[in-house]
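Chemist: The following block contains a protein sequence and its predicted model.
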Amino acid sequence: MKELLAGLPWWVKWVAIPLIAVLVFGGLIASVVSALIGFLFKALVFVALVAGLIYVVRKFTGASSSKSDW
């Protein structure tokens, strides 16, 4: 591989080849990033809903039970 790239100018190695890779794999990269962001958002919504549920349950059942139950 070194012999293949040795005779090429710097702009081919550092500009043209990465641009071609982004053009070819850009859709794949975008879909992976989009899926990751979507998963993180859903995880954040899940954590917020569980925290809200715990808060509501403790608020309404806190008057009748003591902390010694835990």
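Modeler: Now that the structure is in, tell me what you want to look at. Only a predicted model underlies this, so the values are computations on that prediction, with no experimental measurement involved.

Chemist: Report the secondary structure state of V22.
Modeler: Secondary structure, DSSP: H, G, I helix; E, B strand; the rest coil: V22 is helix.

Chemist: Secondary structure element holding the nearest residue to it once chain neighbours are set aside?
Modeler: Spatial nearest neighbour of V22, chain neighbours left out: I29 (7.4 Å); criterion: CB to CB, 6 or more residues apart in numbering. Bear in mind the C-beta positions are built from the backbone N, C-alpha and C, glycine included. In the assignment (DSSP states H and E), I29 maps to helix 17-61.

Chemist: now that helix: how far from the chain's centre is it?
Modeler: In terms of CA atoms, centre = their mean, to the nearest Å, the centre of helix 17-61 is set 5 Å apart from its chain centre.

Chemist: circling back to that earlier point, could I get the pLDDT score of the residue nearest to V22?
Modeler: On pLDDT, I29 comes in at 92.

Chemist: now L4
Modeler: Predicted confidence (pLDDT) for L4: 84.

Chemist: swap in L36?
Modeler: Reported pLDDT for L36: 97.

Chemist: any idea how far it is from L8?
Modeler: According to CB to CB, to the nearest Å, L36 stands 34 Å off from L8.

Chemist: Equivalent analysis for A35, please.
Modeler: 35 Å.
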